[in-house]
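Visitor: Turn this into a structure:
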Amino acid sequence: STIRDIAIQVGRTGAITPVAKIDPVTVGGVVVSNATLHNEDEINRKDIRVGDAVIIQRAGDVIPQVVSVDKSKRNKNSKKFIFPDKCLCGSPTKKEISMTTKKTDAVRRCVRGYECDFTAKEKLKHIVSKDAFDIEGLGKKVIENFWELKLVRTPADIFSLDYGKIEKLEGWGKLSINNLKKAVEKSKSIALDRFIYSVGIRHIGQENGKICHTAATMRESIKVLR
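Guide: Next up is the predicted model:
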């Protein structure tokens, strides 16, 4: 396929991820028009540019990615892609140094957390997801909509939603409002490992959340025994 543009996305950890917008192509029986470029180092290593003819594969048969560039088809006027040093919010990004390897991280990050609108939205989507608070009725599109309407900005806003305003929105009736209320109320009782996972701490996924939960339970048990 051919890369038509390189867009920048911001994840819930502030990670700045480049995505290639490509001419639609069928890969493994699926038509794809986006392919991950992973990070700044990967773009530089493969010298990926807008307009390049590229080979696409689905990593693990799931995520489309750029494997290589056919430089024999490159336009002589093509320009090297300059990776932005700022987040979409305008804040400077940085590459952190790993405390274990002492090496510079390959990923650039925005470190503003909830002060960055782009990071905040992704964090909220993560919090309401199935493996976290699992709030049925608050999917990604709903979070996006509520964000634009300034109904949610922080996790606390999820538990103090203005249902009067929501009821006036298109597609929201009394039944859907009641179901959302019940889902939010139900989510207030959550296992510790799911809560830890929902916070979105880097390197703390579902399995590490369970380990932290077990460790916390053991500490409490030891206190009782003492």
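Visitor: use CA for all of it now, contacts and neighbours both
Guide: OK.
Visitor: what's the following helix or strand after the top strand by length along the chain?
Guide: Ranked by residue count under DSSP state E, the longest strand found in the chain is strand 16-27. Per DSSP states H and E, the first helix or strand lying C-terminal to strand 16-27 is strand 30-36.
Visitor: for the chain, what are the low-confidence residue spans?
Guide: 206-226 (pLDDT under 70).
Visitor: For it, which segments count as strands?
Guide: Using DSSP E, the strands of the chain run over 3-10, 16-27, 30-36, 54-59, 63-69.
Visitor: Just put these in CSV and tack on distance to K79 and mean neighbour count.
Guide: Shown next, in CSV, are those (distance: least, Cα to Cα, whole Å; neighbours: other Cα atoms under 10 Å):
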stretch, distance to K79, mean neighbour count
strand 3-10, 12, 18
strand 16-27, 15, 18
strand 30-36, 20, 17
strand 54-59, 16, 17
strand 63-69, 14, 18
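Visitor: closest to Y114 out of these?
Guide: Closest of the strands of the chain to Y114 is strand 3-10, at 12.3 Å (criterion: Cα to Cα).
Visitor: returning to what we had before: out of the strands of the chain, nearest to N77?
Guide: strand 3-10 (14.8 Å).
Visitor: chain center to the longest strand of the chain, what's the gap?
Guide: Here the centre of strand 16-27 is set off from its chain's centre by 17 Å, with Cα atoms, centre = their mean, to the nearest Å.
Visitor: Direction included, what does that strand pair against?
Guide: Strands that pair with strand 16-27, judged by DSSP bridges, come out as strand 3-10 (antiparallel), strand 30-36 (antiparallel).
Visitor: Save these as JSON lines, and put in distance to D117 too.
Guide: Formatted as JSON lines, the strands paired with strand 16-27 follow (distance: least, Cα to Cα, whole Å):
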{"stretch": "strand 3-10", "distance to D117": "10"}
{"stretch": "strand 30-36", "distance to D117": "22"}
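Visitor: Out of these, flag the one nearest Q65.
Guide: Counting by Cα to Cα, Q65 lies closest to strand 30-36 out of the strands paired with strand 16-27; the figure is 4.6 Å.
Visitor: which other residues reach that closest one?
Guide: 17-26, 56, 63-66 (Cα atoms under 8 Å, 6 or more residues apart in numbering).
Visitor: go again using 6 Å as the cut-off
Guide: For strand 30-36, contacts defined as Cα atoms under 6 Å, 6 or more residues apart in numbering pick out V19, A20, K21, I22, D23, P24, V25, P64, Q65.
Visitor: which one among these gets closest to K94?
Guide: V19 (18.9 Å).
Visitor: Find the nearest non-adjacent residue to that closest one, please.
Guide: Spatially, and ignoring its direct neighbours in sequence, V19 is nearest to T36 (4.6 Å; Cα to Cα, 6 or more residues apart in numbering).
Visitor: Okay, E42 and F83: tell me how far apart.
Guide: 11 Å (Cα to Cα, to the nearest Å).
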